[in-house]
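**Q** Sequence and predicted model, in that order:
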Amino acid sequence: MPHVWPKDTDFALWELDVLDRDCPACGRMMHICDHRYRHFFTLDGPVELVCKLNHCPDPRCPGHARTRSPEVEPTIALPGWGIAWDVFCWIGHRRFARHWSIPQIRGELHDRFAIDLTEPGIANYLRRYQAMLAARQHDPDALRRHYQGAEALILSIDGLQPEKGHEALYVVRELTGKRVWFAEPLLSATAAEVRRLIARAKDWAEALGKPVALWVSDKQDAFVTGVAAEFPGVPHRYCANHFLRDLAQPVLEADSHAKVQMRRKVRGLRGIERSVLKRRRASAPEGTAAEVTAPDDPAGDVVLEYCAAVRGILNSDQGGPLHPPGLEMSAALTEVRQSLGRNLAAEKGASRRRN
């Protein structure tokens with residue numbers, strides 16, 4: 001839906017005219033026949049854009065029926081957009097570089113730039129941003145410039161499943177230039193489907209005119225047969241992370257069991273938090289949100305922060321074959337325990353040496 005602008009909006013007036021005023025058909029100077037008015041947001045404030053439309057004044061000329069718009073207009077804002085390019089790039093950067101949520105982007109736009117966009121509108125602009133980013137990634141000229149100095153290519157393929165129950169996303173990357181070539185979700189990772197992706201990578205390599213020196217994957221059967229069929233004679237190596245993970249499988253199984261035991265031992269976080277919040281509610285003025293407008297309670301704040309830290313540690317699965325998650329969890333819980341010990345010792349008046 002079009003944006004409804006308040007009547008008292010202070011717009012900056014921008015006027016655009018056609019750069020080349022000569023008629024492309026007869027060469028006569030074109031005349032202004034109409035004006036197009038647009039309103040959109042920029043990071044510097046709302047803008048009213050006036051585009052002067054031109055056509056040939058000779059009714060007998062074919063250019064008379066063709067209205068020409070200012071050439072610069074698409075470089076400011078695309079047709080139908082309620083924002084300029086600077087706002088569009090700002091939204092995309094916050095979402096994909098800083099991983100902001102859409103409500104967070106909306107709030108920052110409103111508070112910092114007085115730009116009022118709906119969450120569905122921001123989501124729509126983000127989909128367009130992704131489409132443009134994907135098109136830029138597939139630009140053959142840009143890709144050729146990126147690999148101009150490369151002697152050979154090293155390709156990898158892997159299947160990623162962002163959420164359980166959803167189809168896997170198969171990603172083909174080039175490791176020399178550290179670039180994702182393309183990705184495609186596959187409902188069924190059959191040998192024929194996987195080979196189609198590998199053949200597509202072959203077309204890309206041939207278009208670049210670069211030889212493929214190596215393939216890297218976790219060596220699923222479909223990957224092995226597909227690479228052997230499309231790249232005969234090209235070495236196919238095991239991904240280092242998958243190799244170490246398979247090699248360390250007994251260690252990782254024991255590590256997983258240790259995590260379960262630690263989670264069973266560290267319990268009662270929610271009960272501790274409830275007791276702090278209950279005490280705050282009892283001492284808070286009637287009609288206020290105790291969790292937000294709590295009285296001066298530094299001890300309660302410390303307890304809640306410790307609970308949040310421990311919960312984050314228990315829910316973390318970060319690590320790998322060389323750094324098992326269970327060991328990382330144990331080390332982090334040990335640090336929390338030592339920190340609690342230091343605080344309790346300080347509360348009892350123990351000396352710094354004993355701490």
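**A** Okay, I see it.
**Q** got a list of what the residue nearest the centre of the chain touches?
**A** The central residue of the chain, meaning the one whose C-alpha is nearest the mean C-alpha position (CA atoms, centre = their mean), is Phe96 at 2.8 Å. By CB atoms under 8 Å, 6 or more residues apart in numbering, Phe96 lies in contact with 129, 133. Every C-beta, even on glycine, is put in place using the N, C-alpha and C of the backbone.
**Q** let's go with 10 Å and repeat that
**A** 126, 129-130, 133 (CB atoms under 10 Å, 6 or more residues apart in numbering).
**Q** now those residues in JSON lines, with distance to Leu175?
**A** JSON lines is the format used below for the contacts of Phe96 (distance: CB to CB, whole Å):
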{"residue": "Leu126", "distance to Leu175": "28"}
{"residue": "Tyr129", "distance to Leu175": "26"}
{"residue": "Gln130", "distance to Leu175": "23"}
{"residue": "Leu133", "distance to Leu175": "21"}
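**Q** now these: which count as buried?
**A** With neighbours counted using 16 or more other CB atoms under 10 Å, those contain these buried positions: 126, 129.
**Q** From the contacts of Phe96, which land in helices?
**A** For the contacts of Phe96, membership in helices holds for 126, 129-130, 133, with DSSP state H as the criterion.
**Q** and which of those residues is nearest Asp17?
**A** Proximity of the ones in helices among the contacts of Phe96 to Asp17 was ranked by CB to CB; the top entry is Tyr129 with 29.9 Å.
**Q** how about the residue nearest to Asp20 when sequence neighbours are not counted, secondary structure?
**A** Counting by CB to CB, 6 or more residues apart in numbering, the nearest residue to Asp20 once its immediate chain neighbours are dropped is Glu71, at 7.7 Å. Reducing the assignment at Glu71 to three states with DSSP: H, G, I helix; E, B strand; the rest coil gives coil.
**Q** cool, Val180 as well?
**A** At Val180 the chain is in strand, as set by three-state DSSP.
**Q** Can you report how many residues neighbour it?
**A** Around Val180 there are 11 other residues, counting by other CB atoms under 10 Å.
**Q** same thing with the one 5 residues further on?
**A** As a burial measure, the neighbour count of Pro185 was computed by other CB under 10 Å and equals 13.
**Q** Would you enumerate the residues in contact with the closest residue to it other than its chain neighbours?
**A** Computed as CB to CB, 6+ apart, the closest residue to Pro185 that is not its neighbour in sequence is Glu167, at 4.5 Å. With contact taken as CB under 10 Å, 6+ apart, Glu167 is in contact with 159, 161, 184-189.
**Q** Just the buried residues from those residues, in PyMOL please.
**A** Typed into PyMOL, the next command selects the buried ones out of those (criterion: 16+ other CB under 10 Å):
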select buried, resi 159+186+189
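**Q** Of all the contacts of Glu167, the one with the weakest confidence?
**A** Looking at these, model confidence by pLDDT dips furthest at Gln161: 66.
**Q** So which residues of the protein form helices?
**A** Shown for the chain, the helices assigned by DSSP H span residues 73-76, 85-96, 102-113, 119-137, 140-146, 191-208, 221-230, 240-247, 249-265, 269-283, 298-315, 325-347.
**Q** Could you export those to JSON lines, including columns for distance to Asp44 and mean pLDDT?
**A** What follows is these, written out as JSON lines (distance: least, CB to CB, whole Å; pLDDT from 0 to 100):
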{"stretch": "helix 73-76", "distance to Asp44": "12", "mean pLDDT": "91"}
{"stretch": "helix 85-96", "distance to Asp44": "8", "mean pLDDT": "92"}
{"stretch": "helix 102-113", "distance to Asp44": "8", "mean pLDDT": "93"}
{"stretch": "helix 119-137", "distance to Asp44": "18", "mean pLDDT": "86"}
{"stretch": "helix 140-146", "distance to Asp44": "30", "mean pLDDT": "83"}
{"stretch": "helix 191-208", "distance to Asp44": "41", "mean pLDDT": "91"}
{"stretch": "helix 221-230", "distance to Asp44": "51", "mean pLDDT": "92"}
{"stretch": "helix 240-247", "distance to Asp44": "47", "mean pLDDT": "74"}
{"stretch": "helix 249-265", "distance to Asp44": "52", "mean pLDDT": "83"}
{"stretch": "helix 269-283", "distance to Asp44": "44", "mean pLDDT": "84"}
{"stretch": "helix 298-315", "distance to Asp44": "39", "mean pLDDT": "85"}
{"stretch": "helix 325-347", "distance to Asp44": "46", "mean pLDDT": "86"}
